[in-house]
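Enquirer: Sequence and predicted structure below; questions after.
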Number of protein chains: 2
Amino acid sequence: MKAKIIITPKKAVLDPQGKTVQNALEHMGCQGVAAVHVGKYIEIEMAPDADCAQARQALEQACHRFLSNPIIEDYTIALE
Amino acid sequence: MKAKIIITPKKAVLDPQGKTVQNALEHMGCQGVAAVHVGKYIEIEMAPDADCAQARQALEQACHRFLSNPIIEDYTIALE
């Protein structure tokens, strides 16, 4: 089983890294870029017999406690 | 149109950040974690009338030139 966690800055939070990437894309000649958000991607390989509900609960807790900063970041967890 | 870019360290490359997350998950009591890979996630909002093939080509070039380090990182681009 694999868990994929995506952590992005909340929309209302200033994202200077995203702004820099946007500027770089425009300088490179890439037209029509409206906005860029830069976040983190965490891929977790779990034992194939792991319990899905239990894993999700543990990852929710981990995201809330140390993987993300819930004040300025949003996270999504996908299990597959 | 939205482009989602995921940049991860190559499997053969040491990933100390992933190892740290794995240790933290185990200390938290999360069992059965085989491996953790930490990478970057970039979401690019493009004009709705943007040309898909052209955008993909520009993003491929951007990934290769400055968004990732192709020596130690892999990237995937998804357009939707």
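Expert: Done, it's in.
Enquirer: List of residues touching the helix or strand of chain A with the lowest mean pLDDT?
Expert: Ranked by mean pLDDT, DSSP states H and E, the weakest helix or strand in chain A is helix A:52-62, scoring a mean of 92. The contact list for helix A:52-62 (C-beta atoms under 8 Å, 6 or more residues apart in numbering or on different chains) reads A:1, A:3, A:5, A:44, A:46, A:77, A:79, B:24-25, B:28-30, B:32. Just so you know, the C-beta spots here come from the backbone N, C-alpha and C atoms, and that holds for glycine as well.
Enquirer: mind listing what's buried in that helix?
Expert: Within helix A:52-62, the residues scored as buried using 16 or more other C-beta atoms under 10 Å in any protein chain shown are A:Ala55, A:Ala58, A:Leu59, A:Ala62.
Enquirer: try stretch A:60-76
Expert: Buried residues in stretch A:60-76, counted by 16+ other C-beta under 10 Å: A:Ala62, A:Cys63, A:Leu67, A:Ser68, A:Glu73, A:Tyr75.
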